[in-house]
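Asker: Sequence plus predicted model, see below.
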Amino acid sequence: MTDLGAVDNRNGSAVPLRAPVLNGAAEDQAGAAYSLRESADLDALIAEAAKLDADYLFDAADEMMRGAIAMFPQNVSIAVQYTKMALRRGDWHGALDRAEAMRERFADEAEGYSDGLEALRELCRVDDANALLKRAVERFGDEPWLLRNAALLAETRDDASGAEECWEKLRARFPDRADSWTQKAGFYRRCGRLEAADDLLRAALVRFPSDPSVYIASGQVAGELRDWQEADRRLEAAFAQFPNNAHIALNHALVPIGTPVWKNKNFDVALARLEALQRKFPDFGPAHEARIRLNRIRGKLDDAAKLAEDLLDQAPHHAGIGLEYARVLDRQNQRDKAIAWLSGLVRQFPNAVEVYAELAAALSRAGRWDEAEAICEKAIARFRFRRGPLVEYANIAMRREAWSEALKRWREALRLLPAEAEIRKGVATSRLALAAEIEANGGDHSLIETPQSEDRGSISDLLMKFENLGAPVWGCEFGFVQRKFGAEPISLLRWAGVNTHRLIEALETRFEGVGSPKQTILHLPVDSQMDYHTRDTRYWIELHTFVYRGDMPEEKLLAQCCPRIRYLRRKLIEDLESGSKIFIFRPGVPIPDAEQLDHLHRAMRSYGDNTLLYVLCDDPDHRPGTVEIVKPGLMVGYLSRLSWSPQTGVGTPDFSCWVRLCAEAYRLHGSADRDHSESAMEWASN
């Protein structure tokens, strides 16, 4: 096989790379900058700095740009490019400082405001962003870029009605721009309002029949609505109209495996489409990667390896293909070969951020901890603000069972990238592991407390007042709603599947034996993309572990899980006895009868003055978001839809409706503290 290229991680596309810049070359290139400065060739200077930045030689690039600013202090384009460099890196703190300096020197330059707003949004500094937005509106008026920033900021502060108003203003002012329609549809999708997104995109298809982005978004929404036939029809029509658009062809090819229901995935059709796509677009890297990945996922490892080897001979300049090959080798238990392959990629292509993270993960899974950490530390020093090395660095500490160090690393990653849901999940998981260790061995409980800096605001606070009791199938729906808004409680049944009658039995017996090794087994669902689950053999409670195949030996994982589950069992019983939370249960299909619901309610009330919120789908007599008090301690709430069905599997929760439901339940619960409820009702008012 020939040498590989690397992935440009700014846009995810596979591209050929320049010859690698070695460590000693930084000084040579920085020295060349001085001759450029002397010639005052500004364009060449900026281009050279951009090249250094693209090679992740940040210090040399910054030095060159600072020199350019000193030479040309009145040139606004240099200040703009200097700030954009920090934004592209994900250096939100640096970008914020540079944008502020730009505003001081060029008060009428809009980029100083828009770049500052982007950095503040990514840092979740909502109050500061609001103040800057107000200043920008006073200076620039009702400009389109301000409407877009206002909409995104409203989303960041969980103000759905304000965001919708801004997106609609943008669409109304620019009705002939397709992106004003797709951006509003994107907002609806992020809120879980898929029907509204679909209606808007249907209208956009009529208005913009020649815009491929509208077709792609429309097909994706149909898939999110779990109407796979309609998604296939829309994307097939789009490909017929745009036969030279490889991205539409790729979306169409992957529809047959889009369903979360494993038995309904049609790998053969998807692979046949991908093969045809490759013939038509032989240089389109994502299609090559997808073919290898699908064969790996379905367990056809020899086919995946042969395909990867052939493609590496034909298309050597795509690191994505090389990464997929390494993942196949790992699944084949050829871990040493995978590590050697990835090590070669790192040496040859120092720009490929994902390769560093993949190599560190492979070394970590092989128990070569020190080597793995050295790779991560090298990558973090080089790339600084990229998610992959930061996440893997924390994961290594998790695999080493160094829970305090893992929590420290996750929190440092959260400081740099506070909007990343995966990092918030890591913080929560390491908190749980450390809490279980402190429970067993003693220690400082302040280590697991949530700092105020990790708080996301009133909706997060509201959702923390609820505790999930699971559901028969996909009982983690409410857990994902909490994560959407930055609420990360540690609770036993947040990610649980459990039948109604088994939950009643568990409540009546105080979850006896839950978390004991003799009552806990580990299994891997048939879908190899899923994580390991634990299952309680008495109550049949199934819990996610968020640990995936190959991450660690099964016996070690089970030994870790049991004490955590015991800790969570004790904590749930304490919460039930305190009566301080509203407990949510979402039944399955068929819906339990009134007698079983009453039985569940009595079992909960046996612990104390508890309130159960029983969640059903809306009906002609109950609008979505409606909550009714049935009797003391029992409320029934109605959602617009459940995000799971036997036919189509898991879909996107209706986040807006969930927030409205919780806000109304909290209001009816009679709490004296109304702030959280009122703020949430405002967010979900649409």
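Answerer: Received it, and whenever you're ready, just let me know what you need.
Asker: Which stretches in the stretch 451-600 of the chain count as helices?
Answerer: All helices of the stretch 451-600 of the chain, identified by DSSP state H, counting those that start in this stretch, fall at 458-463, 477-484, 500-508, 554-578, 594-605.
Asker: Specify the angle between the last one and helix 554-578 in degrees.
Answerer: Looking back up the chat, that one is helix 594-605. Interaxial angle, helix 594-605 versus helix 554-578 (axes from the mean of the first three to the mean of the last three CA atoms, to 10 degrees): 90 degrees.
Asker: Run the chain-centre distance for helix 594-605.
Answerer: 36 Å (CA atoms, centre = their mean, to the nearest Å).
Asker: List the contacts of that helix.
Answerer: 500-501, 503-504, 507-508, 576, 583, 585, 592, 610, 612, 614, 631, 633-634 (CB atoms under 8 Å, 6 or more residues apart in numbering). For every residue, glycine as well, the C-beta is placed using N, CA and C.
Asker: Just want the most central residue of this structure.
Answerer: A421 (4.8 Å; CA atoms, centre = their mean).
Asker: so who does that one touch?
Answerer: 483-484.
Asker: Roughly how far does it sit from K465?
Answerer: 21 Å (CB to CB, to the nearest Å).
Asker: My read is that H544 contacts C476, right?
Answerer: Yes: counting by CB atoms under 8 Å, H544 does reach C476; the two are 6.5 Å apart.
Asker: Can you pick out the residue with more neighbours from the two?
Answerer: C476 (22 against 17; other CB atoms under 10 Å).
Asker: Contact partners for that one?
Answerer: Contacts of C476 (CB under 8 Å, 6+ apart): 468, 470, 494-497, 544.
Asker: M85 too?
Answerer: 49-50, 53, 58, 61-62, 65.
Asker: which one of the contacts of C476 has the most neighbours?
Answerer: Neighbour max across the contacts of C476 (other CB under 10 Å) = G470, 28 neighbours.
Asker: so where do the strands sit in this structure?
Answerer: For the chain, the strands defined by DSSP state E cover 6-8, 13-15, 466-468, 496-497, 520-523, 533-536, 542-544, 582-585, 611-617, 627-631, 634-639, 644-645, 649-650.
Asker: Which of the ones you listed sits closest to G513?
Answerer: strand 533-536 (7.7 Å; CB to CB).
Asker: Quick one: mean pLDDT for the closest one?
Answerer: Strand 533-536 shows a mean pLDDT of 95 in the predicted model.
Asker: Which elements pack onto that strand?
Answerer: Here strand 533-536 touches strand 520-523, strand 542-544, helix 554-578, going by 3 or more CB pairs under 8 Å, 6 or more residues apart in numbering; DSSP states H and E.
Asker: same thing but 10 Å
Answerer: The helices and strands touching strand 533-536, judged by 3 or more CB pairs under 10 Å, 6 or more residues apart in numbering; DSSP states H and E, are strand 496-497, strand 520-523, strand 542-544, helix 554-578.
Asker: Tell me which of these approaches G299 most closely.
Answerer: Closest of the helices and strands packed on strand 533-536 to G299 is strand 520-523, at 16.6 Å (criterion: CB to CB).
Asker: Paired strands for the closest one, with orientation please.
Answerer: Counting by DSSP bridges, the strands paired with strand 520-523 are strand 533-536 (antiparallel).
Asker: chain center to the strand it pairs with, what's the gap?
Answerer: 25 Å.
Asker: right, so of the helices of the stretch 451-600 of the chain, which gets closest to L416?
Answerer: Where the helices of the stretch 451-600 of the chain are weighed against each other on CB to CB, the nearest is helix 477-484, at 19.1 Å.
Asker: Quick check: mean pLDDT of the closest one?
Answerer: The model assigns helix 477-484 a mean pLDDT of 91.
Asker: Stretch 509-523 now?
Answerer: In the prediction, stretch 509-523 has an average pLDDT of 95.
Asker: and if you look at stretch 495-504?
Answerer: Averaging pLDDT residue by residue across stretch 495-504 gives 93.
Asker: And for stretch 116-128?
Answerer: The average pLDDT within stretch 116-128 is 91.
Asker: and that stretch, how far apart are its ends?
Answerer: From its first residue to its last, stretch 116-128 covers 10 Å (CA to CA, to the nearest Å).
Asker: Thanks a lot, catch you later.
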